[in-house]
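Visitor: can't give you the sequence, but here's the structure:
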Ligand SMILES: Cc1ncc(C[n+]2csc(CCOP(=O)(O)OP(=O)(O)O)c2C)c(N)n1
Ligand SMILES: Cc1ncc(C[n+]2csc(CCOP(=O)(O)OP(=O)(O)O)c2C)c(N)n1
Ligand SMILES: [Mg+2]
Ligand SMILES: [Mg+2]
């Protein structure tokens, strides 16, 4: 089987355009609080969810908008939700980390790791209520160290639940490099619980798609869970306005804020340890450099890659279509918001 | 290196004698509540803790007495604790699931899985306060599915903590066969987090001893945690008075209690599913049979095995010494209790 | 009406609900044995044994409930909810609000609670106050077989999460397992009228949120629940002989609290004594004081609760948990001041 | 005295404690960045980054404290304590009792709490009531820089577990991170006097368990903590103009509650209004009512708390959390009835 690349590309373009419109709204101050975007994860989301059917469950983490866009949740009502409008998807009560669409059996949670038990629960219900139904559980590499997620791997195997675990591995959990706090390997971890695990390049939609096909087929056949580890890039920092990314964007201002206390700490008496302290400052600098770097230096944009898989003409057309769809949704949302104000 | 088999045998004999004296006290009604014995785990405890030194930490689960006996905690004060005496190890406040000896850096908890983070914490402190110190964390096969334990595997590897995880695998968690609810393999699980794992026959003290030597040596050298999976037998049911074991001990009485509601359920209307229901009754019967069977049919008594490794004369002498020590401790405890009453 | 034990009443209600509604399933550790009667009837798909992974399977219960099942998830002893607390605090109790009222979680969490049999401080807690400290869930604590059956039915029928707590001193099998009741030489202060009683077949639903005046009185109101109700009734007898006529109210539901019955009783007697086996601080007894204050009822107030970690030794435990000596003492003190 | 932000004051106290005592270490997710000043000074052994494994590392904190360290464990936002609740409920808070008083756990759990910046119901909770619902731990909630520094010192010096809660509206860096304060176009109702202030160097210890009368008054007592203190002070100004003279008390410690100051204030004014950003039910406000009742203080009682899951939309959130409109309304109502 081969994927329909135009369809996949279109989903990715829709997601990207949607995320970018959220970014604009957030920067304008129209969306409160944290805002974690899924920019960089488009290929994973599109590649996996291309296999989803009506009635399949969707358990999401704090980067929940891309899968919801892919599953066809009404875009206007999602934007209205972020804007805190009572006409929003959740009446303004959920916001960007708690998006729920009962019609799509899709739920998200801001508690890292909780999308695993939730997905297992959706899969359990499918086992009773929906012949061949599956559930998708999305989470990050940081979440893969959360106990409730690990024990869910076991539960899903023990109960042969039709769930597909998708780890979007951007190698960061906020400012912590996952490789520095994660022992062993995540695919081996998943396999050790008794399920198949696939490691794919999450910026290449076709690789994700193929792995997901195997995982979903297995689940629909009643053979139990699978795990997909998809490497990707965090292109926008942890969240919008990420202070460490800002060091790159406004180097003077941010450095003025960050540096003085560091210098004080560097020189705090007793000075005995000054040499090693310089090393510690270096570490801070390196983390900031890498974090910012991912945004500005990355060349692993999944959209460019997917765009290369289809004719240029098609790409332009799909980009336009996606732009239009998002622009319309945005306009409708803002108009309604206006009317309400 | 070779173990001192007489020393190991003596520890095992002490543990067995101690556990048996607790069983008697419990049966007499002098100890309240649940009572989980470590009978069947002697070889694991003795084999591992032979490598323990002063200042090493000990994090225990609900079968905590054997390791405490092995580490030299005062036996009289432990018995007094079980008897609820204020002169007990914990003033009568802890009881058999919450035994604490600060002097031995030994603590237990009745929450399944919590001995892992606790052991990691002891190991963390050793890293600062005790050059070459290690911590031992004991738990069961059921606990190996507990999230906090799994994430501690990762934490211990990430932080290179000097902890030795010891899983006493009796293949049961109360009435649940672990193999029925555990995916994959436990040694692979541990390895997948990035630590060495050893699978040993936990009824053969020399095998345990050798694996523990490697694990402890690694930990003391600052190279991080290891995992030991030691298969053993649950010889006394889950706890004393285990109702499923009682079916074997008082078949008529217990069957009269257990059977009627089962028969009612078997015949509950609508009867459509009666055939499969018979299968379900069969399952219940099989679990009871296996559970009881372990007690009455087992031939994997670690004590007999260890006894075979030393001259008969030595064995008799050590048995006698152990008996005497426990008898004295018991007498002292009962006397003190008497005086208090 | 059938004569049933407390435990039989609960399982009869659950069995009835499972027979009536295919969506009702139950899972948890050892449930195939603990609920073996249900297992025989309904088999391993609807009575599922779980690994020791409370956060995974309670979290899965939330998801399953959202997706259309009506799971009754067993957490064995309520103390163990600590390892799965997120599923209640941040998931189950919040879905309805987060979804703008569009999605609900018909989940029952069933757990045994309470002490009086010598298991110590990690296995004998009540925790109903703590569990009530978040909006969005109900917590019920029956004190006798018909209420137990009726509240279990209500809990299963509820469209929102309910924690159902079963006191171990009332449930013979828990006492057998954990108290070691196979021994003739141990004894427990089990209130007889509570451990057995007549239950309608099918059981009559008891609404969540409805307290009940068990014994009317005039001098003070003793508000309690679970085993505390029976300790209070015993204390009532003693107080009667000493010239005090206490009203005993069985709250039955911790949250939502039956404010009407609580305030009416307090207004009538002018004195409220809360007998609560849960910890004294920041829980049910405080909430009672607050709703009385909010209602403008200016009455005497006292409480007999558990004030420390529950000690292991039976004699220490008996003193730590509410007992008739402490209740009558507090009642006298309250009526004198 | 140095002028410091709330956040600087806390970290100054922590830095001082780390400099004075080698046994003090701190760990948690992202602490190398969140506490980068400490990291530069003390390095990766004493400022340790942790995987997202709260039950493992909080449980390890308990063990480390038992074994002789004095860990300050960061749980980022207090909401996340739910995944590590066992370490507090069944381990840290019980070791002292279980060991017969022979062993103690000098552990500080540090977490950010509170709302007012639009993050929604899983990230803005207070939970201090819930955390106080078990014997054996202390919970402190400072409302200004000197108290923040003084309570952090106390917490580290305490031989028993202390939860230290840092309100996000008072801590500029949290507001920057989570509220997106890099945007000029968003605003928060930050009480200025609280987010910055003069702090002694070294900071002066503030004893755990000591409340403080912030502004004396005669007509009613407003008891509050954290950001609520500042909302109450603002309300006090409005009430003064309307002819009501309110006393504002900053509780500072949730448990152990300062019963003396609470009852004295209540006796003096005859009316108590609890302003508590935490959930209304089964928490601090109830406990205040109960200790007043136990002390025989018959006074008016009302509370302004959070009554539902905290909604995401800023306008809904502003109504859900205690605000001056609700406080003054409740005050008038209380004084009229
Ligand atoms: C239980 C819990 N701990 C900590 C947090 C704070 N937090 C939010 S996102 C995040 C990082 C998650 O990393 P990862 O799972 O890799 O997802 P990513 O943000 O990289 O997509 C953390 C630590 C949380 N929300 N929940
Ligand atoms: C978190 C938690 N869940 C459940 C229990 C109840 N429980 C006590 S012992 C036990 C079985 C433990 O099995 P295992 O770890 O294999 O130890 P074993 O008893 O077989 O030695 C269970 C489920 C508990 N104490 N704590
Ligand atoms: Mg990540
Ligand atoms: Mg076992």
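Guide: That came through, no problem. Please read all numbers here as calculations on a predicted model, not as lab measurements. Numbering: from 1, shown residues only, chains lettered A, B, ... in the order given. Ligands and ions are numbered 1, 2, ... in the order given.
Visitor: buried ones in the longest helix along chain A?
Guide: Identified as the longest helix of chain A according to DSSP state H is helix A:312-340. Of all the residues in helix A:312-340, those buried under the rule 16 or more other CB atoms under 10 Å in any protein chain shown are A:315, A:318-319, A:322-323, A:325-326, A:329-330, A:332-334, A:336-337. No exception for glycine: its C-beta is placed from N, CA and C like everyone else's.
Visitor: Could you see whether chain B lies near stretch C:8-19?
Guide: Yes - using CB under 8 Å from any CB of the partner chain, a contact is recorded between stretch C:8-19 and chain B, made by C:8, C:15, C:19.
Visitor: Restricted to helices, list those.
Guide: Among these, the members that lie in helices (by DSSP H) are C:8, C:15, C:19.
Visitor: got the end-to-end distance for stretch A:27-47?
Guide: In stretch A:27-47, first residue to last residue: 29 Å (CA to CA, to the nearest Å).
Visitor: Wondering if it reaches chain D at all.
Guide: Yes - using CB under 8 Å from any CB, stretch A:27-47 reaches chain D at A:27, A:28, A:29, A:32, A:33, A:34, A:35.
Visitor: Would you list the buried entries among the residues you listed?
Guide: A:27, A:32, A:33, A:34, A:35.
Visitor: how about the nearest residue to the first one, chain neighbours excluded?
Guide: Think residue A:27. Spatial nearest neighbour of residue A:27, excluding adjacent residues (CB to CB, 6 or more residues apart in numbering or on different chains): residue D:183 at 6.4 Å.
Visitor: and what of residue A:281?
Guide: Nearest to residue A:281 is residue D:40, by CB to CB, 6+ apart, at 5.3 Å.
Visitor: which ones are touching the one you found?
Guide: Neighbour list for residue D:40: A:262, A:265, A:266, A:277, A:280, A:281, A:284 [criterion: CB atoms under 8 Å, 6 or more residues apart in numbering or on different chains].
Visitor: how about it, secondary structure?
Guide: helix (DSSP: H, G, I helix; E, B strand; the rest coil).
Visitor: from chain C, which residue is nearest to ligand 2?
Guide: The shortest separation between chain C and ligand 2 is 4.0 Å, found at residue C:80 (distances taken as CB to the nearest ligand atom).
Visitor: Is that residue in contact with residue C:52, as I believe?
Guide: No - here residue C:80 lies out of contact with residue C:52, judged by CB atoms under 8 Å, at a distance of 9.0 Å.
Visitor: is it true that residue A:241 touches residue D:183?
Guide: Yes - using CB under 8 Å, residue A:241 makes contact with residue D:183 at a distance of 6.8 Å.
Visitor: re the thing from before, among the residues of stretch A:27-47 next to chain D, which pair sits farthest apart?
Guide: The span of those, defined through CB to CB, is set by A:28 and A:34 at 15.9 Å.
Visitor: Next up, the contacts around the residue sitting nearest the centre point of chain C.
Guide: Geometric centre of chain C, nearest residue: residue C:141, 2.0 Å, by CA atoms, centre = their mean. Going by CB under 8 Å, 6+ apart, residue C:141 touches C:113, C:126, C:128, C:165, C:167, C:225, C:226, C:251, C:252, C:253, C:254.
Visitor: same for the host helix or strand of residue A:179, what does it pack against?
Guide: Assigned by DSSP states H and E, residue A:179 belongs to helix A:178-181. Applying 3 or more CB pairs under 8 Å, 6 or more residues apart in numbering or on different chains; DSSP states H and E, one finds that helix A:178-181 contacts helix B:147-158.
Visitor: one step back: reformat the contacts of residue C:141 as TSV; add neighbour count.
Guide: Below are those laid out as TSV (neighbours: other CB atoms under 10 Å in any protein chain shown):
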residue	neighbour count
C:113	28
C:126	30
C:128	29
C:165	25
C:167	28
C:225	30
C:226	29
C:251	28
C:252	25
C:253	25
C:254	27
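Visitor: and which of the residues you listed is nearest to residue A:125?
Guide: residue C:165 (25.5 Å).
Visitor: How far off centre is the helix or strand harbouring that closest one?
Guide: Taking DSSP H and E as the definition, residue C:165 sits inside strand C:162-167. In terms of CA atoms, centre = their mean, to the nearest Å, the centre of strand C:162-167 is set 5 Å apart from its chain centre.
Visitor: same deal with stretch A:166-184?
Guide: Counting by CA atoms, centre = their mean, stretch A:166-184 comes out at 13 Å from the chain centroid.
Visitor: buried residues in it?
Guide: In stretch A:166-184, counting by 16+ other CB under 10 Å, buried: A:166-178, A:181-184.
Visitor: about what we covered before: skipping adjacent residues, who's closest to the residue of chain C closest to ligand 2 in space?
Guide: Counting by CB to CB, 6+ apart, the residue nearest residue C:80 is residue C:54, at 5.9 Å.
Visitor: What is the neighbour count of the one you found?
Guide: 31 (other CB atoms under 10 Å in any protein chain shown).
Visitor: list the contacts for it?
Guide: B:146, C:75, C:80, C:81, C:83, C:84.
Visitor: which stretches of chain A form strands?
Guide: Under the criterion DSSP state E, chain A carries strands at the ranges A:57-60, A:100-101, A:106-108, A:135-140, A:163-169, A:172-173, A:176-177, A:197-201, A:226-231.
Visitor: can you tell me which of the ones you listed comes nearest to residue D:239?
Guide: Nearest of these (CB to CB): strand A:100-101, 40.5 Å.
Visitor: Contacts for the host helix or strand of residue C:151, please.
Guide: Assigned by DSSP H and E, residue C:151 falls within helix C:145-157. Identification of contacts with helix C:145-157 by CB under 8 Å, 6+ apart yields C:4-6, C:8-10, C:12-14, C:16-17, C:21, C:24, C:70, C:72, C:106, C:108, C:138, C:140, C:142, C:162, C:164, C:166, C:170, C:194, C:196-200, C:203-208, C:212, C:250, C:252-253.
Visitor: Report the rounded mean pLDDT for that helix.
Guide: Taken as a whole, helix C:145-157 has a mean pLDDT of 98.
Visitor: what angle separates it from strand C:162-167?
Guide: Counting by axes from the mean of the first three to the mean of the last three CA atoms, to 10 degrees, helix C:145-157 points 160 degrees away from the direction of strand C:162-167.
Visitor: Can you get me the centre-to-centre distance for helix C:145-157 and its chain?
Guide: Centroid separation between helix C:145-157 and its chain, computed with CA atoms, centre = their mean, is 11 Å.
Visitor: out of the residues of stretch A:27-47 next to chain D, which one sits closest to residue D:334?
Guide: residue A:32 (32.3 Å).
Visitor: any idea of the pLDDT on the nearest residue to that closest one once chain neighbours are set aside?
Guide: In space, residue A:32 comes closest to residue D:118 once its chain neighbours are excluded; the distance is 2.5 Å by CB to CB, 6+ apart. Model confidence at residue D:118, given as pLDDT, is 96.
Visitor: And the one 3 residues further on, by the same measure?
Guide: As predicted, residue D:121 sits at a pLDDT of 97.
Visitor: from what I can see it touches residue D:313, true?
Guide: No - applying CB under 8 Å, one finds residue D:121 not in contact with residue D:313, separated by 11.3 Å.
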